[in-house]
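Undergrad: Sequence and predicted structure are below.
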Amino acid sequence: MVEPCDRPATAAQRLGAPDSYGVSTLEPGLRPPTTQPSGSRQVPIRVQLLDDTQEVFQVSQRSPGKLLLDLVAAHLNLVEGEYFGLEYQDHRKMTVWLDLLKPTLKQIRRPKNTILRFVVKFFPPDHTQLMEELTRYLFALQIKHDLACGRLICNDTSAALMVSHIIQSEIGDFDETQSWQHLLHNKYLPDQDALRDKITDCHRKHVGQTPAESDYQLLEIARRLEMYGIRLHSAKDREGTKLSLSVAHTGVLVFQGYTKINAFNWSKVRKLSFKRKRFLIKLRADPTQSTHHDTLEFSMASRDCCKVFWKVCVEHHAFFRLFEEPKPKPRPVLFTRGSSFRFSGRTQKQIIDYVKDSEFKKIPFERKHSKILSSSSMTSSFRSQMPKEVQSTLRTSFNHHIRLQVVWYKSKSSLSSSSLLLHPTSSSSYPPLRHPDSPDGSTDSPSLAAAAETLISPGVGLVNGETPTAVVAGAPVVPMTMALGVGSSPGDQQPSPLTSPLLMEAGYVRTDDEDEARRKKFPTDKAYFLAKELLTTERTYLKDLHVVTTSFQEVVGKEEVLPENVRNLLAANYEPLLTFHQGFLREVEQRLAQWSGRSNAHIKGDYQRIGDILLKNIQGLKQLTVQLQKHPECLVELERACRSSRRLDSLCGDFELQKACYLPLNVFLLRPLHRLLHYKLLLERLCKHYAPTHQDFRDSRAALADISEMVLQLQGTMMKMENFQKLLELRKDLTGIDNLAIPGREFIRLGCLSKLSVKGLQQRMFFLFSDCLVYTSRGMTPANQFKVHGQLPLYGMTVRESEDEWGVPHSFTLFGQRQPVVVAASSALEMERWLEDIRMAVDLAEQTSDPEADPLATSLADSECDEGIGEQESEEELAGSRSSLERHGHRGNTTVHVCWHRNTSVSMVDFSVAVENQLSGNLLRKFKNSNGWQKLWVVFTSFSLFFYKSHLDEYPLASLPLLGYSVTVPAEAENIHKDYVFKLHFKSHVYYFRSESEYAFERWMEVIRSATYSASRSLTTGRKDLY
C-alpha cells in the first residue's frame, strides 16, 4: 500500500535515495535542527522521563524517531543526549528501542496507549567522560531505578553505600529522624529493610556533600559493578545450557545467571549476524590457539529476539568504537540483501569533542526528588504530621540553646482537640506562650510572632543534657526529645523523637487488671521469643568457650606439650571473653525471668525489652575487639605448634574424640567471630519487628549499628579463617596429600560422584578447590580417611555434559591436561551444582594459576598412571569398610563422611550459611512408632542436631546429621494432633519434633531447611564475596 505524500517526490527519492531525516548533514558533532515536516498531522506521544514524570510531545506522521529524541533532549536542555534512548513495549510484548531512522508512528501502532520511556542506553566505562552535571544526574536516576527493580545486582555493602549517596542527594546531611522516615516511605532496594541500618551508617559519613557530589560518588561505585549497564537477553548455547547475552562498551558478554562467564571484545569479533533463531558471533583467528572456534552460535527464543539483540550490538559498537557516525549504504534499485539498519547519531568521541570545544551557558535544572530542607521546608514537613490545633500554636522559633517544655492538655470544648503550650525554662528571657483560646486570654509575644513561620528544626541540640518534657493533663511528666543530633550518644536514655506525644495516643494509662492479666498469661510478643533465642544460644556459646578455656587446657596441660606462647595467647584472648559473656548471660537470664513474670521485678518498672541489655553489652564487647582480632592468630599458631610437635598433634586428635568436643577444635576457636554474626542477625529481626515508636527500638537500632560495625571490621578476616579452618579439617580426612592448606587455595565444594572406568561406575569422593579437583575413595585407615586417587588441574579444563554420549544419567566429562574423566551425579540438580562450581573454579584458576605448576603435591608416585590398579585397591577397601562405623577412632560424624554415606555434596556457600544459622532450645522428640514425647535440649550447628538432657549437660547424648533429610509438617494420616510439630524424614528414618511456640517452630524450620535444602539454594548470589 502506497502512503499518501504531502509533497511531490524529488528525483533522488524516485531513484531510491534514503530519506534525509535522521542523517546529519551538519559538521561533525553538531545536532540537527528539531524541525518537523510541514503539513503533516500532529500526533501526541507520551514520554516518561527518568524522574517518573510524563511529558507529551507532538510529532508528525512522517517524522523519524530521532526527531522525538531530540525534542526530549531539548525539553531537558540536555546536551549529551546521545547517551540516552527511548524504549517501549511493542505489540509482541517485547521491550525494544525506538529506531531513530524510521518514522515514529510506523513503529508505534497505538500511540495513544503507548508510553515511551526515556532511559540511559549507552553506559560509558568512566563517568568522568560525562561532561554535564545534568547528564550525571540523569545517570544517577537510572542507577536508582535499576537498584529498585533488582536489575543492578551487587553485594549488600555496595547497595547500602549507593543508596546512602542517593539519600544524601535527596534530603541532604544525615538526620536520624528524617533519614529513618525517608527510608520508611521510599523503596530503593528490593530487600531494603534488612539493610536499613547499614544505609543510615553510610549516610552519616556524607556530611557536607552536595547533590552533584553525591551523583558523582554514586556513579563511581556503580561503574565498578559487573552488572553496571547490563541488560540480559535470554539464550542457550549449542549444548542447551541456559545463558544470557548482553552488550557493553567492551563487546559482547555471556552470563550464566548473574555471573559473567565469557566476554568477546570488539577487537576479537569479526562479524555479528543472526539467522532465524540463531545468533552468530564470528571471531578473528587466534594463532596461539590450535582448537580455535571461528563461529560461536547461540539460540534465542525467536528471530525477533535475535534481531533486537543484534541491533543493540550494532549500535554499541558504533557508539563506542567509531570516530564518527557511520554513513548510509547506497540502496540497491532492484534487490536488497540483509538489513539496512545502522547507528544514527553522534558517537561518544563526537560528543566529548563537541562539549569540550563548545561553551554552554549553565542552565539550572530542577532535581525532582531532592528535598534538602531549609528551615521553612522543615516546618512544612514536620507540621504535616501534627494536628491542626497544634500547628496554630507551634508558630515560633527559638535559638538552639533555648530549652523548651512541651505541654499537652485536653481542650474544654472537645475531647478530640489538643493544644500544645510552649514554656521556656526559668533561665529564658522569653515570656510564656499561651494558646489564643486559653482561659487567661493571653496571646503570643510580638517578638516571637515575628518568627511565626519557623518551626524548631529536628536537629536542635539540648544544653547541659536537659530534656524537654511533655505533660499530659492528669498524667505524670514524661521525658521527650525533639531530636537526636548526629553526635548523640546511643547510650543516652533519651527516647527517639518518633516516640514523642505528638505521634502517640495521649492520656492512655494501663490498668492494674491489664498488668495482672499480662503477668499471668505467657508472653506472646515476638520480642520475648527473640530474647529467649538470645538466651538459649548464649548458653550454648558459653559452653563452647569452656571447651577452649577449660577442657582443652586441662588435656594439654597434663603433659605440658603446648608451647608457652600459644598457651598465653589462648589465655589472653579467650578468658576475658568467657568472663564477659558469663556476666552477659546472667543479665539476660534475669531479664527473661522478669519478662515472663517469675519474679517481683515488674513492680520496679517496664522490663519487657531486651535492646537496652544488648546495647550495653555490645558496647562492652567492642572493648574486646583487640582480643577478637587475635583469634585468627590463635588458630594459626596452634596449627603451627601441632606441625612441629607430634605429641601435641596427637593430643589434639585425642581431644577431638572426647564427647565434650562435639565439633572440630578449630571450629571452637572461631566461635567468638561467629557469635558476632548471630547478634547482628538477631538484632536485625528485632528492629524489623519493632515499630519506630516502640520504647526499645532506639536501643536495639543503636546496638545493631555497633555490632554491624564490628562485623564489617572483622568480616574479611572471618572469611579467610573459615576457609583456612575448612582446609585444615579436610586435611585430617584425606591421606596422600602433603600440604592442603597453602596460601591462595580456596575450598569450593565436596561431595560424592560416580566415576566411570573400565569396571563401570564407582563411587568416589570429589574435592573441588580453586586450583584443582581431587577424587578419592574410602580408605581402611583407623580414622576412615579418604585415599587420594587422582587430581585434575583446573587450568585449561573444560566441562561438557555427556549424558547422551555415554548413556549414563546426569553425567558430564572433564577435559583437562590429562585424559578425560567421566563422572555422574546422583540427580540433575546435583549435576547442575557441580557444573556451576567447576566452571566458576576454572575461571578463577585461569586468572590466578600458573599453567606449569602442579596444584597439589601428593604422596602418590603417579596419581593416574595405573588407573586400573588404583580402582582395584579401592574396591577392596570399600568391601572391607562396611563395618567401619564400629572402628576405634572413627570420625564418621564429619561432613565428608555424611556426604559419602548419603551421596550428596556441600559447598563453601553452604558452610557459610550454616555458620549464621545456629539455634538452641528445648524440643519434644518422638520416634515414628513411639507414643510418648521426650523433652531434650537440642543444639543445631554444622548441619547436625545435637541432643542433651538439659542445657547443663557437658556433652551431647547423640547427634543427627541432617544432610539429605527433608523437613515437612506431619500429614493428617500420621495422627500427630499437636501444635508446632515438624517432621524429619530420610528413607525409613522418621523423627517428630515439637516446639513450644509458633516463633520457635518457624525458627527451627528455617534453620533446618538451611541444611536440608542447601541443594536447592541459589549459589550465584554472593559467591564472589565468598571466594
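TA: That came through, no problem. Numbers count the residues shown, from 1 in each chain.
Undergrad: In contact with Tyr992, which residues?
TA: 925-928, 970, 976, 981-984 (Cβ atoms under 8 Å, 6 or more residues apart in numbering). Using the backbone N, CA and C atoms, a C-beta is placed for each residue, glycine as well.
Undergrad: Secondary structure of it: a strand, I assume?
TA: Yes - counting by DSSP: H, G, I helix; E, B strand; the rest coil, Tyr992 is located in a strand.
Undergrad: Just list whatever residues bridge to it.
TA: Lys926, Lys983 (DSSP bridges).
Undergrad: mind listing the strands for the stretch 801-950 of the chain?
TA: Remark: strands assigned in the stretch 801-950 of the chain by DSSP state E, counting those that start in this stretch are 811-815, 821-824, 905-907, 919-927, 934-941, 944-948.
Undergrad: Can you pull out the residues in contact with the first one?
TA: Strand 811-815 is contacted from outside by 756, 773, 792, 797-803, 805, 820-825, 831, 834-835, 838, using Cβ under 8 Å, 6+ apart.
Undergrad: ok, now with 6 Å
TA: Contacts with strand 811-815, where a contact means Cβ atoms under 6 Å, 6 or more residues apart in numbering, come from 798-803, 820-822, 824.
Undergrad: Partner strands of it, with direction?
TA: Strand pairing (DSSP bridges) places strand 811-815 next to strand 798-801 (antiparallel), strand 821-824 (antiparallel).
Undergrad: What number of residues are in the vicinity of Leu657?
TA: Each residue near Leu657 was counted by other Cβ atoms under 10 Å, and the total is 12.
Undergrad: Tell me what Pro44 is bridged to.
TA: With DSSP bridges as the rule, Pro44 is bridged to Gln58.
Undergrad: my read: it touches Val56, true?
TA: Yes - if you go by Cβ atoms under 6 Å, Pro44 and Val56 touch, sitting 4.9 Å apart.
Undergrad: what about Leu86, which SS state?
TA: Going by three-state DSSP: Leu86 is strand.
Undergrad: wait, what's in contact with it?
TA: Applying Cβ under 6 Å, 6+ apart, the residues contacting Leu86 are 69, 98, 116, 118.
Undergrad: Angles on the backbone of the third one, please.
TA: This points to Leu116. phi -90, psi 140 (degrees, to the nearest 10).
Undergrad: so how far is Val939 from Ser959?
TA: 9 Å (Cβ to Cβ, to the nearest Å).
Undergrad: Common neighbours of these two, please.
TA: Joint contacts of Ser959 and Val939 (Cβ under 6 Å, 6+ apart) are Phe946.
Undergrad: Between the two, which has more neighbouring residues?
TA: The neighbour comparison of Ser959 against Val939 (other Cβ under 10 Å) goes to Val939, with 25 against 14.
Undergrad: so where's the protein uncertain?
TA: Across the chain, residues meeting the criterion (pLDDT under 70) sit at 1-40, 286-293, 329-340, 359-361, 371-523, 597-606, 780-783, 849-893, 1013-1027.
Undergrad: Ignoring the adjacent residues along the chain, who's closest to the most centrally placed residue in it?
TA: Nearest to the geometric centre of the chain sits Asp156, at 4.1 Å (Cα atoms, centre = their mean). Leaving aside its sequence neighbours, Asp156 sits nearest to Leu195 (Cβ to Cβ, 6 or more residues apart in numbering; 5.7 Å).
Undergrad: what kind of secondary structure is the one you found in?
TA: When classified by three-state DSSP, Leu195 comes out as helix.
Undergrad: Around it, how many other residues sit close by?
TA: 22.
Undergrad: go on, Ala148?
TA: 17.
Undergrad: Pull out the buried positions in the helix or strand hosting it.
TA: Ala148 belongs to helix 133-149 when assigned by DSSP states H and E. Buried residues in helix 133-149, counted by 16 or more other Cβ atoms under 10 Å: 134-148.
Undergrad: which one of those residues is nearest Ile351?
TA: Thr135 (9.6 Å; Cβ to Cβ).
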